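Trainee: Have a look; sequence and predicted model below, questions after that.
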Amino acid sequence: MAHTLVPNLRPALAERVRYYHELGIYDFYLRPLQSPRLVEAVLPEEPSASSLSAPLPRSQSDFREEMAIRKSSAAPATGKVSIFESVTPNSEQSVADPVVALSLIRQDLGDCTRCKLHQQGRKQIVFGVGNPHAELMFVGEGPGADEDAQGEPFVGRAGQLLNNMIKAMGLRREDVYIANIVKCRPPGNRTPERDECETCSPFLMRQIATIKPKAIVALGAVAAKNLLALNAPMSELRGRWYDFKPAGSDPSWPGSRLAVTYHPAFLLRDPRQKGEAWKDLQMVMKYLGIEAPKKAAEEPPR
Ligand code: SF4
């Protein structure tokens with residue numbers, strides 16, 4: 001069997017390698033091609049129509065589905081792409097001032113068309129807002145209608161509640177940095193899809209590596225699962241710390257600690273969970289050495 005890559009697989013692999021690098025995985029090895037099933041899935045010689053439509057074993061089906069997702073997220077193919085050529089230092093890495101570094105990341109993002117969200121009704125890219133020297137960063141899922149209109153994350157009703165949560169912690173919105181996994185509004189406020197998250201989140205990783213917060217709070221399951229690459233329910237994700245450091249960050253920076261809590265939009269739908277969210281925030285405050293104003297220390301944010 002000839003070991004050639006199907007044409008669209010090369011950019012898809014480049015995307016995959018970039019994604020693994022964001023997760024801090026650098027070492028790859030070539031598995032001996034002992035499994036005919038895997039060989040056929042990855043290196044089809046001349047796939048026939050019948051072989052593509054035939055029912056596949058589970059692992060093979062999954063692989064095809066994954067590659068289909070990757071293809072939809074990849075930038076338009078412009079000829080041959082080395083799967084390692086995208087691993088170049090980012091423009092902001094030699095810049096000490098986080099204000100300048102963040103503006104370089106924003107410049108790099110440009111009028112982004114890297115994923116399909118760019119053509120699904122977004123008004124503008126919602127990059128992130130707040131203190132470039134923040135010790136605390138909040139990461140949500142993606143912009144909603146208000147955020148899309150104003151170009152700033154968490155400005156609608158959920159944003160108001162987040163502001164109250166921040167205030168209850170004894171902080172101001174200007175003290176923290178707020179961003180999302182995806183920077184363009186998914187149509188109808190749907191959950192961002194996996195390929196969209198994977199395409200957009202490297203920019204968030206660069207923002208985190210620039211700001212170097214002591215703590216990150218992932219707001220909701222989508223943010224948590226994307227940041228941690230863990231597929232677990234909120235009940236398992238909350239209530240503990242995770243070490244978090246984007247690949248390629250300053251080696252002298254020890255990294256952040258990441259906690260998970262409910263998304264403010266969820267808390268608006270189910271206010272009974274505010275007490276649980278307040279416990280999560282108190283854990284963060286303890287770590288950061290923040291004392292809450294007395295009233296807030298006794299009550300969850302409204
Ligand atoms: S969501 Fe992110 S990757 Fe997708 S188009 Fe917007 S900025 Fe680009």
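Mentor: Thanks, I have the structure now.
Trainee: near the ligand, which residues of the stretch 151-300 of the chain?
Mentor: Taking CB under 6 Å from any ligand atom as the test, the list of the stretch 151-300 of the chain residues beside the ligand reads 182, 183, 184, 196, 199, 200. Bear in mind the C-beta positions are built from the backbone N, C-alpha and C, glycine included.
Trainee: residue contacts, the closest residue to the ligand within the stretch 201-302 of the chain?
Mentor: Proximity of the stretch 201-302 of the chain to the ligand (CB to the nearest ligand atom) peaks at residue 203, 6.7 Å away. Residue 203 is in contact with 105, 108, 109, 183, counting by CB atoms under 8 Å, 6 or more residues apart in numbering.
Trainee: Could you report the neighbour count for the last one?
Mentor: Just to be clear, that refers to residue 183. For residue 183, the neighbour count with other CB atoms under 10 Å is 28.
Trainee: Is it correct that it falls within a strand?
Mentor: No - Residue 183 is assigned coil when assessed by DSSP: H, G, I helix; E, B strand; the rest coil, not a strand.
Trainee: if we can go back for a sec, secondary structure class for the residue of the stretch 201-302 of the chain closest to the ligand?
Mentor: Classified using three-state DSSP, residue 203 is helix.
Trainee: Which members of the contacts of residue 203 are classed as buried?
Mentor: For the contacts of residue 203, a burial check counting by 16 or more other CB atoms under 10 Å picks out 105, 183.
Trainee: From the contacts of residue 203, pick the one nearest residue 135.
Mentor: residue 105 (19.6 Å; CB to CB).
Trainee: All the helices of the stretch 101-250 of the chain, residue numbers only.
Mentor: 145-150, 157-168, 194-211, 221-228, 234-237 (DSSP state H, counting those that start in this stretch).
Trainee: Just flag the most distant two among the contacts of residue 203.
Mentor: 108 and 183 (12.3 Å).
Trainee: shaky segments in this structure?
Mentor: 1-88, 296-298 (pLDDT under 70).
Trainee: the strands in it, which residues?
Mentor: 129-130, 136-140, 177-180, 215-219, 242-244, 256-261 (DSSP state E).
Trainee: Can you convert those strands into a markdown table and add a column each for mean neighbour count and distance to residue 188?
Mentor: Shown next, in a markdown table, are these (neighbours: other CB atoms under 10 Å; distance: least, CB to CB, whole Å):
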| stretch | mean neighbour count | distance to residue 188 |
| --- | --- | --- |
| strand 129-130 | 20 | 24 |
| strand 136-140 | 26 | 17 |
| strand 177-180 | 26 | 16 |
| strand 215-219 | 26 | 20 |
| strand 242-244 | 15 | 31 |
| strand 256-261 | 24 | 25 |
